[in-house]
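S.K.: Quick check, what structure comes out for this input:
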Amino acid sequence: MSDQPKEPEKTIYERDKTAKEPQPAADAPKVPARPKPKVKKVFVAKKTTFTTDKPMEHRVRNIRLTSIESAKMIWEILVDFQTDLAKEEVDDPDKPFHDWEKVEKFFIRLAKKYSTCKSKKLGGDLDWVDKAMPVPEQILTQELISEIMKLEKFIIPEPIQSKLGFHIIMICESQVHTPRAKAEEKETRPLF
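M.R.: Residues are numbered from 1 along each chain as shown. This next block holds a predicted model:
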């Protein structure tokens, strides 16, 4: 006799022998089942327009150049870079937004290298611009601000001429203008 364990006569869990085994159809060819591809929902930004009596403001980047030839050349480089990014086929629903981030980073590099504006060190960043803002004389003109207010996001317009030079403008963000409150002086209390 061996010391092997023996199976009990009646097990607690028995297989249901009344269920039938699935039989493959006789006329169906045997093809391995392919997994269905996952359908990704693509976010498509709808261009909505709304009217408001409140003024708009834009976060703007600027490359200022002295000649129209150099301004046109850098503008063409930016537009070519933007169209090359748009042609790449990537299965990413947020591709337009990632492309715009890449264009903005490329714009920053070009501004730091070629711009003649004081904002050069900041990558051409002019911060938020609106019609009611005081005009920093050596950076912007009132005519340039009015041109900026007409521009749209995601489009780099042709160079704009002002008395300061030729400007390549990029609208990074837009929002409804809310006047910024000055820091209120805090009341000081005696410590004792």
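
S.K.: Show me what the helix or strand where Ser174 lies is packed up against.
M.R.: Counting by DSSP states H and E, the element that carries Ser174 is strand 165-176. The contact analysis (3 or more Cβ pairs under 8 Å, 6 or more residues apart in numbering; DSSP states H and E) places strand 165-176 against strand 56-65, helix 68-87, helix 95-114, helix 142-150, strand 160-162. C-beta coordinates here come from the backbone N, C-alpha and C atoms, glycine included.

S.K.: now the fourth one, how far from the centre of its chain.
M.R.: Yep, that's helix 142-150 we're talking about. On the basis of Cα atoms, centre = their mean, to the nearest Å, helix 142-150 sits 24 Å off its chain's mean C-alpha point.

S.K.: In terms of position in space, what residue lies nearest the middle of the protein?
M.R.: Phe97 (2.9 Å; Cα atoms, centre = their mean).

S.K.: thinking again about what came up before, check which strands are paired with the strand holding Ser174 and give the direction for each one.
M.R.: strand 56-65 (antiparallel), strand 160-162 (antiparallel) (DSSP bridges).

S.K.: can I get the CA coordinates of it in PDB?
M.R.: Written as PDB, here are the backbone C-alpha positions of strand 165-176 (Å, rounded to 0.1, in the frame of the first residue of the first chain):
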ATOM      1  CA  GLY A 165       9.600  98.000 -35.000                       C
ATOM      2  CA  PHE A 166       8.000  94.800 -36.500                       C
ATOM      3  CA  HIS A 167       6.200  92.500 -34.000                       C
ATOM      4  CA  ILE A 168       5.400  88.800 -34.300                       C
ATOM      5  CA  ILE A 169       2.500  88.400 -31.800                       C
ATOM      6  CA  MET A 170       1.300  85.100 -30.300                       C
ATOM      7  CA  ILE A 171      -1.900  85.000 -28.200                       C
ATOM      8  CA  CYS A 172      -1.400  82.300 -25.600                       C
ATOM      9  CA  GLU A 173      -4.600  82.600 -23.600                       C
ATOM     10  CA  SER A 174      -7.700  84.700 -23.600                       C
ATOM     11  CA  GLN A 175     -10.200  85.600 -20.900                       C
ATOM     12  CA  VAL A 176     -12.800  88.100 -19.900                       C
END
